[in-house]
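**Student:** Sequence isn't available, so here's the structure alone:
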């Protein structure tokens, strides 16, 4: 079957997932358009001649709920899709399967899937520098192989991916970054928060809507936002035991 364009639907609060998605898109060799799922994307239909690359980070073994909700607004017409989960070197658990299920429910045929590594959003020294050049090359080659598969197939079938259909139980975010003394209330964090958890009129505060995506930390020009010290220490301790050995990408075709 023929594909003429690649659509990147990406939820990437701190940038690592976007880098992987762009590398996959580049590998397809197709013209690319992007749907930013960190914004409140409108409902739309992706045509059967378009290849969807749906990329999400992994939060506690699942995809972020808001990312799943916004992805569900994209409706397929039986066209092909690639599910891409990007995690901080611990594990992707049920995230890839959950992402595949969301896309399948939306009318897409998930013909390929991949799990890639990026710097951990809360503890950046875990998987520091990832995705690196090797990761990008693997993602690009993956995109090439998927397009070859799609173009050579008379019809597509759904790819099998790891994960439990029951999904891992979601935990409360519990790790909301706070503004410190360096905060100058510029409002940049409030402007880009994917869930509106930072009031524009009081950008030195954070509401209970926070999902712990760390975007506010990544964009703050004053380095004024971070996790509270006890929380950051707890996350570091946990990751030291579970994410010390570098993981490599896994791809399913």
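**Tutor:** Noted; the coordinates are in hand. Everything quoted here is computed from the prediction, not taken from an experiment.
**Student:** Pull out the buried residues from the helix or strand of the chain with the lowest mean pLDDT.
**Tutor:** Scoring the helices and strands of the chain by mean pLDDT, DSSP states H and E places helix 229-242 at the bottom, with a mean of 89. For helix 229-242, a neighbour-count test (16 or more other Cβ atoms under 10 Å) marks 231, 235, 239 as buried. (C-beta placed from N, C-alpha, C; glycine too.)
**Student:** all strands of the stretch 101-250 of the chain, in order?
**Tutor:** For the stretch 101-250 of the chain, the strands defined by DSSP state E, counting those that start in this stretch occupy 109-117, 178-179, 225-226, 250-252.
**Student:** And the second one, what does it pack against?
**Tutor:** Strand 178-179 is packed against strand 225-226, with contacts defined by 3 or more Cβ pairs under 8 Å, 6 or more residues apart in numbering; DSSP states H and E.
**Student:** Let me know the average pLDDT across the strand it packs on.
**Tutor:** The average pLDDT for strand 225-226 rounds to 96.
**Student:** So what touches that strand?
**Tutor:** 177, 178, 179, 180, 183, 189, 216, 217, 232 (Cβ atoms under 8 Å, 6 or more residues apart in numbering).
**Student:** Show the low-confidence segments of the protein, by residue range.
**Tutor:** 172-174 (pLDDT under 70).
**Student:** and the closest residue to residue 119 other than its chain neighbours, how many neighbours?
**Tutor:** The shortest distance from residue 119 to any non-neighbouring residue, by Cβ to Cβ, 6 or more residues apart in numbering, is to residue 127 (5.1 Å). Residue crowding around residue 127 was assessed by other Cβ atoms under 10 Å; the count is 23.
**Student:** circling back to that earlier point, closest to residue 136 out of the contacts of strand 225-226?
**Tutor:** The nearest member of the contacts of strand 225-226 to residue 136, counting by Cβ to Cβ, is residue 217 at 23.6 Å.
**Student:** any idea how far the closest one lies from residue 53?
**Tutor:** 26 Å (Cβ to Cβ, to the nearest Å).
**Student:** Same check on residue 164?
**Tutor:** Where residue 53 is concerned, residue 164 sits at a distance of 24 Å (Cβ to Cβ).
**Student:** which of the two has more neighbours?
**Tutor:** residue 53 (29 against 11).
**Student:** still on that earlier bit, buried subset of the contacts of strand 225-226, written for ChimeraX?
**Tutor:** Of those, the buried ones can be selected in ChimeraX as follows, counting by 16+ other Cβ under 10 Å:
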select :177,178,179,183,189,216,217
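**Student:** Next one: residue 131 relative to residue 168, how far apart?
**Tutor:** Distance from residue 131 to residue 168, by Cβ to Cβ: 24 Å.
**Student:** Same question for residue 7.
**Tutor:** For residue 7 relative to residue 168 (Cβ to Cβ), the value is 28 Å.
**Student:** higher neighbour count, those two?
**Tutor:** Set residue 7 next to residue 168 and count neighbours by other Cβ under 10 Å: residue 7 wins out with 23 against 15.
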